[in-house]
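*Asks:* Sequence below, structure please.
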Amino acid sequence: MADAPPAAVPATGAPAGIDPRGPRFAAGITAVVLAVTVLTGSAWLLAAQVAVFAVGSLFGVQRSPYAWLYRRAVRPRLGPPAELEDPAPPRFAQTVGLTVTGIALLLAIAGVDLAVEIGAGLAFVAAFLNASVNYCLGCQLYLLLLRARPTPRTSH
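*Replies:* The predicted structure follows:
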C-alpha cells in the first residue's frame, strides 16, 4: 500500500506492511463461504475456499483474492490504518486453514461422509472468531510456536 505509514520490523525479521483490517475483512468473506459450505455440503465450494487459502499461504495474504477485493472496494473508502501488521501470523493462519480444509476435501473425494461439513465447520469457527471479535486462532498458534522455539545461547 503506497499510502500506508511506515512500520517497524517485527520480531520475525520480515518487514511489516499489511493493513490489519484486510485479513479481518477476508475472514468475514471466508466465514460466509464456509457457512454456506457447511449448509450445502458442497465439495466444490470447499475446493474454491481451499484454493483461496492456498494462494494466501503460498504467496502471502496480501495476494489472495479476498485481499484484492479489500484493496479495490473497501480500502479506498477508509482512512489509513493506525498501524501495520506483520504478515507472517495471518499467512500462517492461511496455512492452517489450507491444512484443515484441504484434508477435509481429500477425505470428501475419498468418499468420507460429512468430511466437507466437519472440515468447513472447523474452519468456519476460526474465520468467524477473526471476523467478529478480531481473534485469529491461526495467528495465536503462530505466536505460541514462535515463543516455544528455542532461543540461541550466547557465549560470554
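*Asks:* pLDDT below threshold where in the protein?
*Replies:* Applying pLDDT under 70 to the chain picks out residues 1-16, 155-156.
*Asks:* what ranges do the helices span in it?
*Replies:* For the chain, the helices defined by DSSP state H cover 21-40, 43-59, 65-69, 88-109, 115-133, 137-148.
*Asks:* and the fourth one, what does it pack onto?
*Replies:* Okay, so that is helix 88-109. Packed against helix 88-109, as judged by 3 or more CB pairs under 8 Å, 6 or more residues apart in numbering; DSSP states H and E, are the following elements: helix 21-40, helix 43-59, helix 115-133, helix 137-148. All C-beta spots, glycine's among them, are computed from the backbone N, C-alpha and C.
*Asks:* Could you list the alpha-carbon positions for it in CSV?
*Replies:* What follows is helix 88-109 as a C-alpha-only set of coordinates in CSV (Å, rounded to 0.1, in the frame of the first residue of the first chain):
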residue,chain,number,x,y,z
ALA,A,88,3.6,-13.7,8.9
PRO,A,89,0.9,-14.6,11.5
PRO,A,90,-2.0,-14.2,9.1
ARG,A,91,-0.1,-16.1,6.4
PHE,A,92,0.4,-18.9,8.9
ALA,A,93,-3.3,-18.8,9.7
GLN,A,94,-4.0,-19.2,5.9
THR,A,95,-1.7,-22.3,6.0
VAL,A,96,-3.7,-23.7,9.0
GLY,A,97,-7.0,-23.1,7.1
LEU,A,98,-5.5,-24.7,4.0
THR,A,99,-4.5,-27.8,6.0
VAL,A,100,-7.9,-28.2,7.7
THR,A,101,-10.0,-27.6,4.6
GLY,A,102,-7.5,-29.4,2.3
ILE,A,103,-7.7,-32.6,4.4
ALA,A,104,-11.5,-32.3,4.5
LEU,A,105,-11.6,-32.0,0.7
LEU,A,106,-9.3,-35.0,0.2
LEU,A,107,-11.4,-37.1,2.7
ALA,A,108,-14.6,-36.0,0.8
ILE,A,109,-13.0,-37.1,-2.5
